[in-house]
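Q: curious how this folds, go ahead:
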Amino acid sequence: MKALAKMTLISALVLSFSNCKNKGCTDPIALNYDVEAKKDDGSCEYEKPIGPITSTTEVEGYSILAKLPGIWNGPVTSSTPLGNYQEWIVDFRPISPSQISAKNELDSLNDIFMSFFIVKYDNKYKVAFRNGGGFAGDVRNSYMIIDSINETSTQSFYRFSDPIAGGKRVYTEVTFKQDSLIIHSYTNQFNSLSEPVTHMRWTADLRDASSAQNAISNFNFPQKEMTKDFSTTFDGVTEAVFYSASADPYPESEQPYLGQSQVSITISNPTTVDPTKKVLIIISTQPLFSGMIFDVNQLKYRSRYVFVGASVTTGYNFNYMHPGNYYINAIYDVNGDFTFSSGDYMNSSFDIPFTLNELGTSNTSVDINLLIP
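A: Below is the predicted model:
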């Protein structure tokens, strides 16, 4: 009997210990969730919801916003079908108190829209990076959120990665050194690789800071304001990469402040136009000519440019363009060197001016009629 009582006591102690062991927090969203707990003991602890953003709120990556404004220019190394090119011009300007953006075109099928802005994600305020556009007619837009910062007296480094798939899918490194900028994007090519490889590496210098000053003053940029709440935006998806405007959580059509400039081109000289050639349309924030003299130093003020097919009548619609004062020059590029050269043709009325207002539309006509001597 004593042995039986002793065994009963031991069993009771074991059962009691087992029951204690199986108690804990059973809510998976709690900070102290216990995967082994069978019975909730009321001990669950939850992250306190973050309050509204204010001027004193910590925003991860906030300092990058003040470093971006200006016209940047430099060579691109790319693994895409576009390949490498010696010059890529990006005019970053604020489009709200907490967002800075730039739109670029190479031609009618290839363009890119880059934007940095403040979001709410993972119960924190962070800077996000939207990168994408049209590539050979296909649309792709990737969203990355800052996950690494390293700032010293000589260099500032920021890394943005896919908030769902992580750095295994796509990520971008942004590095500033004085007046230089490197944007290095990586991708695993539609999940076909085990590790991401270089998608594009752009090494640029700051060519002009003055063109962004009106927008900076207009928004008192940068300010700690939330541009988008991404708390639940990516629920139910496997990656933050989107291939249609309908699925895009922040499509270009929703971007504030920007307008569009419609440029119509006619070629009256030469009388015969070779359709295999290109017309280069250049939009600058300052004149490129001093009287009748082309000033090569003014090329630093180029803001947008595009190549279109040569035809007696052609043109282009520059969409999502920063408001401001601009000048247009157009070249019928006979020798294919993509610049003002002897033997090419251009507009005899140099530096045709126009102004674009907030959310506005401008219409400008350019006649190519002058043989460049």
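Q: the host helix or strand of residue 90 pairs with which strands?
A: Assessed by DSSP states H and E, residue 90 sits inside strand 85-96. Taking DSSP bridges as the criterion, strand 85-96 forms sheet pairs with strand 70-78 (antiparallel), strand 99-105 (antiparallel).
Q: so which of those is nearest residue 259?
A: Ranking the strands paired with strand 85-96 by proximity to residue 259 (C-beta to C-beta) places strand 99-105 first, at 11.0 Å. Where you see a C-beta, it was placed from the backbone N, CA and C, and this is true even at glycine.
Q: which residues sit against the closest one?
A: Applying C-beta atoms under 8 Å, 6 or more residues apart in numbering, the set of residues contacting strand 99-105 from outside is 65, 68-69, 88-95, 111-118, 221-222, 227, 252, 255-256, 258, 304-306, 316, 318-321.
Q: now list the buried members of those residues.
A: Neighbour counting by 16 or more other C-beta atoms under 10 Å classes 65, 68-69, 88-95, 111-118, 221-222, 227, 252, 255, 258, 304-306, 316, 318-321 among the contacts of strand 99-105 as buried.
Q: out of those residues, name the ones that lie in strands.
A: 88-95, 111-118, 304-306, 316, 318-321 (DSSP state E).
Q: got the domain boundaries for this structure?
A: For the chain, the structural domains run 59-254, 259-371, going by automatic domain parsing.
Q: distance to residue 27 and mean pLDDT for these - can I get that in CSV?
A: Output for these, formatted as CSV (distance: least, C-beta to C-beta, whole Å; pLDDT from 0 to 100):
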stretch, distance to residue 27, mean pLDDT
domain 59-254, 16, 92
domain 259-371, 44, 96
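Q: let's have the ones you listed in JSON lines, adding distance to residue 35.
A: Below are the domains of the chain laid out as JSON lines (distance: least, C-beta to C-beta, whole Å):
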{"stretch": "domain 59-254", "distance to residue 35": "21"}
{"stretch": "domain 259-371", "distance to residue 35": "48"}
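Q: which among these is found nearest to residue 43?
A: Nearest to residue 43, of all these, is domain 59-254, at 20.6 Å by C-beta to C-beta.
Q: which residues does the residue positioned nearest the centre of the chain bridge with?
A: Closest residue to the average C-alpha location of the chain: residue 114 at 2.1 Å, with C-alpha atoms, centre = their mean. Residue 114 has these beta-bridge partners by DSSP bridges: residue 102, residue 131.
Q: what sits against it?
A: 90, 92, 101-102, 129-131.
Q: let's see 7 Å
A: By C-beta atoms under 7 Å, 6 or more residues apart in numbering, the contact list for residue 114 reads 101-102, 131.
Q: now tabulate those residues in TSV and tack on distance to residue 340.
A: Formatted as TSV, the contacts of residue 114 follow (distance: C-beta to C-beta, whole Å):
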residue	distance to residue 340
101	29
102	24
131	32
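Q: list buried residues within these.
A: 101-102, 131.
Q: residue 196: neighbour count?
A: 18 (other C-beta atoms under 10 Å).
Q: specify the beta-bridge partners of the residue nearest to it when sequence neighbours are not counted.
A: With C-beta to C-beta, 6 or more residues apart in numbering as the criterion, residue 196 has its nearest non-adjacent residue at 3.7 Å, and that residue is residue 186. Under the criterion DSSP bridges, residue 186 forms beta bridges with residue 171, residue 198.
Q: isn't residue 186 right up against residue 199?
A: Yes. The pair residue 186 / residue 199 is scored as a contact, 5.9 Å apart, by C-beta atoms under 7 Å.
Q: and the longest strand for the chain?
A: The chain, longest strand under DSSP E: strand 138-151.
Q: packing partners of the helix or strand just after that strand?
A: Later in the chain than strand 138-151, the nearest helix or strand by DSSP H and E is strand 156-162. Here strand 156-162 touches strand 138-151, strand 166-177, going by 3 or more C-beta pairs under 7 Å, 6 or more residues apart in numbering; DSSP states H and E.
Q: next, the angle from the longest one to strand 156-162.
A: Going by axes from the mean of the first three to the mean of the last three C-alpha atoms, to 10 degrees, strand 138-151 is angled at 140 degrees with respect to strand 156-162.
Q: pretty sure residue 225 sits against residue 119.
A: No. With contacts counted by C-beta under 7 Å, residue 225 stays clear of residue 119, the gap being 10.9 Å.
Q: more neighbours: those two, which one.
A: Legend: neighbour count by other C-beta under 10 Å for residue 225 and residue 119, higher for residue 119 (25 against 18).
Q: return the residues in contact with the more buried one.
A: By C-beta under 7 Å, 6+ apart, the residues touching residue 119 are 126, 128, 145, 226-228, 230.
Q: redo that, cut-off 6 Å
A: 128, 228, 230 (C-beta atoms under 6 Å, 6 or more residues apart in numbering).
Q: look up how far residue 231 lies from the closest residue to the second one other than its chain neighbours.
A: Nearest residue to residue 228 in three dimensions, chain neighbours excluded: residue 119, at 5.0 Å (C-beta to C-beta, 6+ apart). In this structure, residue 119 and residue 231 are 9 Å apart, going by C-beta to C-beta, to the nearest Å.
Q: likewise for residue 26?
A: For residue 26, the distance to residue 231 - C-beta to C-beta - is 24 Å.
Q: excluding its own residues, what touches the helix or strand harbouring residue 365? List them.
A: Per DSSP H and E, residue 365 falls inside strand 361-371. With C-beta under 6 Å, 6+ apart as the test, strand 361-371 has contacts from 260-269, 328, 330, 332, 345-348, 352, 354, 356.
Q: perfect, I'm done here.
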